[in-house]
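> coords below, sequence missing:
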């Protein structure tokens with residue numbers, strides 16, 4: 001039987017610990033325990049949180065990698081004794097909020113100088129996606145972002161997209177520059193032969209329309225590859 005929350009020293013209780021020392025001092029289990037709020041007669045909320053985090057093993061993730069968390073269904077949360085439908089729904093809501101918080105604020109004028117600037121905007125949103133997602137960053141002549149548009153959402157290994165899909169919005173608003181971005185659900189960012197071939201086709205199609213394709217950035221899990229830099233490095 002696990003120790004009850006009230007039996008812990010005040011400084012070790014998640015609520016009090018966060019208030020006294022800040023949210024950054026809490027473990028993943030302690031943060032999750034605050035969301036769960038109540039444990040059961042047999043187990044504390046921290047113990048329940050640890051059981052939820054242990055589901056990472058079934059998803060082939062490391063314990064400190066929360067990538068798996070957003071993919072758990074309501075039913076999978078409810079497999080943990082003590083997590084009913086209401087708590088499971090609350091957990092799913094928190095996951096969605098976290099995902100939305102990570103999305104860039106598009107109405108702030110952001111100037112793109114390097115591929116890293118793009119990565120800073122989109123890494124958190126795309127690195128944990130299990131679907132392949134294609135986006136186009138549309139910019140003015142000063143490389144200031146006008147719009148970030150999601151073009152297509154595919155499966156776990158590929159996505160169907162045409163060059164015209166990438167260029168359509170830029171043509172519509174008369175934007176002179178774009179950067180294509182997509183993720184690799186595998187977590188690896190090395191471009192495939194298909195990625196390279198598509199980039200070359202897109203560059204030619206964009207040039208015909210007077211649009212500059214500045215780069216094609218592939219995002220993996222906490223890693224990325226600029227295809228423009230990759231082609232120069234490999235002399236392709």
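Thanks, I have it. Model, not experiment: these values are computed from the prediction.

> Give the buried residues for the host helix or strand of residue 148.
Secondary structure from DSSP states H and E places residue 148 in strand 145-153. For strand 145-153, a neighbour-count test (16 or more other Cβ atoms under 10 Å) marks 145-146, 148-149, 151-152 as buried. Just so you know, the C-beta spots here come from the backbone N, C-alpha and C atoms, and that holds for glycine as well.

> give me the number of residues near residue 29?
20 (other Cβ atoms under 10 Å).

> That one: what secondary structure?
Secondary structure assignment for residue 29 (DSSP: H, G, I helix; E, B strand; the rest coil): helix.

> Check residue 189 too.
coil.

> per-residue confidence for the spatially closest residue to residue 202 that is not a sequence neighbour?
Once flanking residues are discounted, residue 202 sits nearest to residue 163: 4.9 Å by Cβ to Cβ, 6 or more residues apart in numbering. pLDDT for residue 163: 93.

> Can you pull the phi and psi angles for residue 163?
Main-chain torsions, residue 163, degrees, to the nearest 10: phi -60, psi -40.

> so it makes contact with residue 201?
Yes: with contact defined as Cβ atoms under 8 Å, residue 163 reaches residue 201; the gap is 5.8 Å.

> circling back: ok, of the buried residues of strand 145-153, which one's closest to residue 23?
residue 148 (28.6 Å; Cβ to Cβ).

> Could you measure from that closest one over to residue 175?
According to Cβ to Cβ, to the nearest Å, residue 148 and residue 175 sit 12 Å apart.

> Could you tell me which residues touch both of these two?
residue 138 (Cβ atoms under 8 Å, 6 or more residues apart in numbering).

> Out of residue 163 and residue 201, name the residue with the larger neighbour count.
Higher neighbour count among residue 163 and residue 201: residue 163, with 17 against 12, using other Cβ under 10 Å.

> in this protein, what spans have low per-residue confidence?
Scanning the chain for pLDDT under 70 picks out the ranges 1-11, 57-65, 67, 102-108, 154-159, 236.

> Strands along that one, start to end?
Residue ranges of the strands in the chain, as given by DSSP state E, are 133-139, 145-153, 177-183, 212-219, 224-226.

> TSV for those strands, including distance to residue 191?
Formatted as TSV, the strands of the chain follow (distance: least, Cβ to Cβ, whole Å):
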stretch	distance to residue 191
strand 133-139	14
strand 145-153	17
strand 177-183	10
strand 212-219	6
strand 224-226	6
